[in-house]
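>>> got a predicted structure here, sequence first:
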Amino acid sequence: MQSLRSHRSIRSATLLETGVARGVSDMQGAVQFGDAERFRGPVPLMWLLTAARLPGRALHVAIALWYAAQVSREPSVHLSNTLCERFGLDRNAKYRGLDLLEATGLVSVERKRGRSPTVTILDCNGTP
């Protein structure tokens, strides 16, 4: 039992030294948790569970959408490639995820050539 405790303290000390336990990273574009942005709710659980059942990166797109909606305080947002890159999505994964979310009835998407899509988050009944 003593060896397990000492192992934990060594591991914790190592994590603190490297900055992992504090959420600090040397990666470009990584979020630092100390005084950084936060994802706030509420996010409807049924909406999130429906998105979680979809294949691929649809859940990632859904989380990026809710984040953008919370930042803008609007149900309709422009989903840019820059924002999606922060969530680990390339533009193709963004469009595939949007297609799946739209087919499921969780969002409506207005597309314009050469522009970021305008996405409206719908409730599980299909209303904004």
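Done, it's in. Keep in mind that what you see is a predicted model, and the values were worked out from it rather than measured. Residues are numbered from 1 along each chain as shown.
>>> output the contacting helices and strands for the helix or strand containing residue 47.
Remark: residue 47 resides in helix 45-52, with elements defined by DSSP states H and E. Where contact means 3 or more CB pairs under 8 Å, 6 or more residues apart in numbering; DSSP states H and E, helix 45-52 is packed against helix 58-72, helix 91-104. Heads up, the C-betas are built off the backbone N, CA and C, glycines and all.
>>> how far off helix 58-72 does that helix point, in degrees?
Between helix 45-52 and helix 58-72, the angle comes out at 140 degrees (axes from the mean of the first three to the mean of the last three CA atoms, to 10 degrees).
>>> list the contacts for the residue nearest to residue 77 when sequence neighbours are not counted?
Nearest non-adjacent residue to residue 77, counting by CB to CB, 6 or more residues apart in numbering: residue 68, 4.1 Å away. By CB atoms under 8 Å, 6 or more residues apart in numbering, residue 68 lies in contact with 77-79, 83.
>>> if any of those residues are buried, put those into a ChimeraX selection.
Under the burial definition 16 or more other CB atoms under 10 Å, those of the contacts of residue 68 that qualify are selected in ChimeraX by:
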select :77,79,83
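>>> which ones among the contacts of residue 68 lie within strands?
Secondary structure assignment by DSSP state E places 77-78 of these in strands.
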